[in-house]
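[1] Requesting a structural model of the entry that follows:
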Amino acid sequence: MTDATHEYSAAQEAALSQGGSTGGCAECHSGNWIHVRYEYPNEGPVSDAIYVVQKPNNGEPGGEIIAEGVLSVTEQSQHQFVHVDLGNYNGEVEVFFFDDPTEPEAIQEPAPVTDERAWYEKAATAIAQGASDAASWTGGVLAGDFNEEMSTSQIITSAVVTAIPVVDQVADVRDLIANGKALVWDRRFNEIAVWVGIFACLIGLVPSLGSLAKGVIKVIWRNAGEIGRVLVYINKALFKMGKAPNGYRFVRKLADDVVAQVGFVAGKFDEFLEVLAEKIALARNIMPGKVAEALKTLELVRAMGAQKLDDAAHAIQRKILQGISRFSSRAYSVLPQQSIVVRRATELIIEMGPFPNWERHMGRPGFNRAEMEAGARQIDEAADVRFKDIQRMAPQWKDEIVADLNAHAARTDLSDVERQAVSDLLAAANSPRFLGTLRTFGSKPSYRIFQPGDRVYRVINDESGIGGRFWSPEKPPKTEAEWRSRDAVLNDWNNGGAYVVADVPPPPGAFEGEIGPQDLTQVGKNGMMLDGGGTQTFMIDSVPANSIREYWYTEWNAPTSALQAARNAGKWTECDL
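    Predicted coordinates:
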């Protein structure tokens, strides 16, 4: 090792341990490097973010990764830039960013699985009990970690800190039980979420992936818009542990790994079904009819398992790639030994309330509601069938949701808060208007009980829009066309000028699921439609105005357009080394 290399390594360690408070290192700047800064329009640093440096890829994420890391620049830090070593690569590079405003929370490390057979048997025994204790199953006593309201930070940070690429024997067995019950007793063969749950549990048995893969799948499946949060948590946890940040590379590779590991996961699923069949068969003398039916169902599940798991893997892959594409910044080019400042298009307006300039600009003067909606397309035969299917299925969805909530309410282990939330959700589901609400969904929604710390987003015309019931679990995308198409929002409903971020609860809960398509014939634009396909959160009551925490312009309506990245010759005194 050369003296320069040794000094560079020492400086890197100092930067990691001291948050970049060292005073500069001339020797560290003798090779290939760049300096990176990411800031708001007011020139303040975006601190809760990660950077990714790639080889040129036409300004889009997806190129060969050279480096990634945490942006350690804050208002209090002595340095203005983060130093990025490019190693032996001496050509032009591109830089892009993901950001999220929250900090990881304290977690409890899971206990890993060391005996697969015993793990299978524990889940299989619990599922087999459904033959003699169906009442407890319908109550959803073992709801499974995949359906719990763990925060993103708890899910991801726990997986990183554990640093053991295996399955979590406590949480994951609950998932396997919950999803196994859904297949065997509920016969929910055609619900992709059930197969995603099975896949996420079993991919943890892949030695190189483990619980982190499951955590990433869990969060991104629930909300692709949390990709930035996932990456920030992974890289911050690694950063604090003194390890090289590689969250983006892990997640990007996971998109390919989930498909590549279908055969492995299908094999493990088959092994699990063998154990499950043994456990169910033990009850043959007690209730032969029900056991025979369950074993027949198992054979049906076994026959479709490989294909359904392949479908789940590709659905997970699409979600991951969608998140990476939608929620990164664009990629900006820079040459070695240059510094680059990239400025975001939008910033938080104010934390405790809007001000007149924001209210005026969000109105979008000149916006023409009569024009064709951005993102609209012609209705085709498949879309026409889908419109009819949603109308036909909505009453069945309502009956199933009411039944699920009644079963939940019958449980004896509920806290007072959860019991009241279920009661409120049930009242909303029994409302005469709920059937009309269900017809705005593209498939049967699930009900969601909010936990402290949850946040929701709503695009609005003006402050009166805060009282609306339809929200989203993720911030709006970058373009109006993508937002209107994804969320199926007509011009007449919303001009799309701004959005707000609210803390929930209250209200205590919501119905959440895929957004259905909208036929624009209702506003005189015959033969045209908006696809839907995003996720909507229908509140059972209005969000109180004092729960609004952030006010933003939408990116397509931001008065400050994204500035072209500023590039200058880098100085060794400006960075965190």
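[2] alpha carbons only for contacts and neighbour counts from here, please
    Fine.
[3] Not counting stretch 435-454 itself, show me its contacts.
    Residues outside stretch 435-454 that contact it (CA atoms under 8 Å, 6 or more residues apart in numbering): 149, 151, 390-391, 394-395, 397-398, 401, 418, 421-422, 425, 503-505, 507-517, 532-533.
[4] Out of these, name the ones that lie in strands.
    Among the contacts of stretch 435-454, the ones falling in strands (DSSP state E) are D503, V504, G509, A510, F511, E512, G513, E514.
[5] Among these, name the buried ones.
    D503, V504, G509, A510, F511, E512, G513, E514 (16 or more other CA atoms under 10 Å).
[6] In contact with the third one: list those residues for me.
    With contacts defined as CA under 8 Å, 6+ apart, G509 is in contact with A421, D424, L425, Y447, R448, I449, F450, M539, I540.
[7] again, 7 Å this time
    With contact taken as CA atoms under 7 Å, 6 or more residues apart in numbering, G509 is in contact with A421, L425, R448, I449, F450, M539, I540.
[8] Can you list which of the residues you listed are found in helices?
    A421, L425 (DSSP state H).
[9] May I ask which of the contacts of G509 has the most neighbours?
    Comparing these on neighbour count, L425 comes out first with 24 neighbours (neighbours: other CA atoms under 10 Å).
[10] Roughly how far does that residue sit from K218?
    According to CA to CA, to the nearest Å, L425 and K218 sit 24 Å apart.
[11] How about V36?
    Distance, V36 to K218, using CA to CA: 31 Å.
[12] before we move on, what about E299?
    In terms of CA to CA, E299 sits 27 Å off from K218.
[13] The two - which one has more neighbours?
    Set E299 next to K218 and count neighbours by other CA under 10 Å: K218 wins out with 22 against 14.
[14] Show me what the one helix or strand the more buried one maps to is packed up against.
    Take DSSP states H and E as the rule and K218 turns out to sit in helix 210-222. In terms of contacts (3 or more CA pairs under 7 Å, 6 or more residues apart in numbering; DSSP states H and E), helix 210-222 is packed against helix 152-162, helix 192-203, helix 288-327.
[15] Helices of the stretch 351-500 of the chain, start to end?
    356-362, 381-409, 416-429, 434-438, 480-487 (DSSP state H, counting those that start in this stretch).
[16] Can you add mean pLDDT and distance to A260 and give the ones you listed back as CSV?
    As requested, the helices of the stretch 351-500 of the chain are arranged in CSV below (pLDDT from 0 to 100; distance: least, CA to CA, whole Å):
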stretch, mean pLDDT, distance to A260
helix 356-362, 59, 46
helix 381-409, 93, 31
helix 416-429, 96, 40
helix 434-438, 97, 37
helix 480-487, 95, 29
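[17] give me the low-pLDDT residue ranges for the stretch 451-577 of the chain?
    559-570, 572, 576-577 (pLDDT under 70).
[18] So what's the residue count around M304?
    For M304, the number of neighbouring residues by other CA under 10 Å comes to 12.
[19] What separation is there between it and T521?
    M304 sits 40 Å away from T521, going by CA to CA.
[20] gap between the helix holding K218 and the chain center?
    Averaging C-alpha positions (CA atoms, centre = their mean, to the nearest Å) puts helix 210-222 9 Å from its chain's average.
[21] pLDDT of that helix, averaged?
    Helix 210-222 carries an average pLDDT of 79.
[22] ok, now stretch 78-90?
    On average, stretch 78-90 scores 89.
[23] where along the stretch 51-200 of the chain do the strands fall?
    Listed from the start of the chain, the stretch 51-200 of the chain has strands (DSSP state E, counting those that start in this stretch) covering 65-70, 82-87, 93-99.
[24] Deepest in the core, which of these is it.
    Greatest average neighbour count among those goes to strand 93-99 (a mean of 24), per mean count of other CA atoms under 10 Å.
[25] show me where pLDDT drops low in the stretch 151-300 of the chain?
    Residues of the stretch 151-300 of the chain meeting the criterion pLDDT under 70: 151-174, 208, 210, 225, 239-241, 245.
[26] Kindly state the neighbouring-residue count (a burial measure) for R364.
    By other CA under 10 Å, 15 other residues sit near R364.
[27] and if you look at A428?
    18.
[28] now S464
    9.
[29] Tell me the spacing between it and A545.
    S464 is 10 Å from A545, by CA to CA.
[30] Now do the contacts for the residue nearest to K475 when sequence neighbours are not counted.
    Computed as CA to CA, 6 or more residues apart in numbering, the closest residue to K475 that is not its neighbour in sequence is Y457, at 5.8 Å. By CA under 7 Å, 6+ apart, Y457 lies in contact with W471, S472, P473, E474, K475, Y499, V500, V501, A502.
[31] which ones are touching the last one?
    Put plainly, it is A502. A502 touches R455, V456, Y457, S547, I548, R549, counting by CA under 7 Å, 6+ apart.
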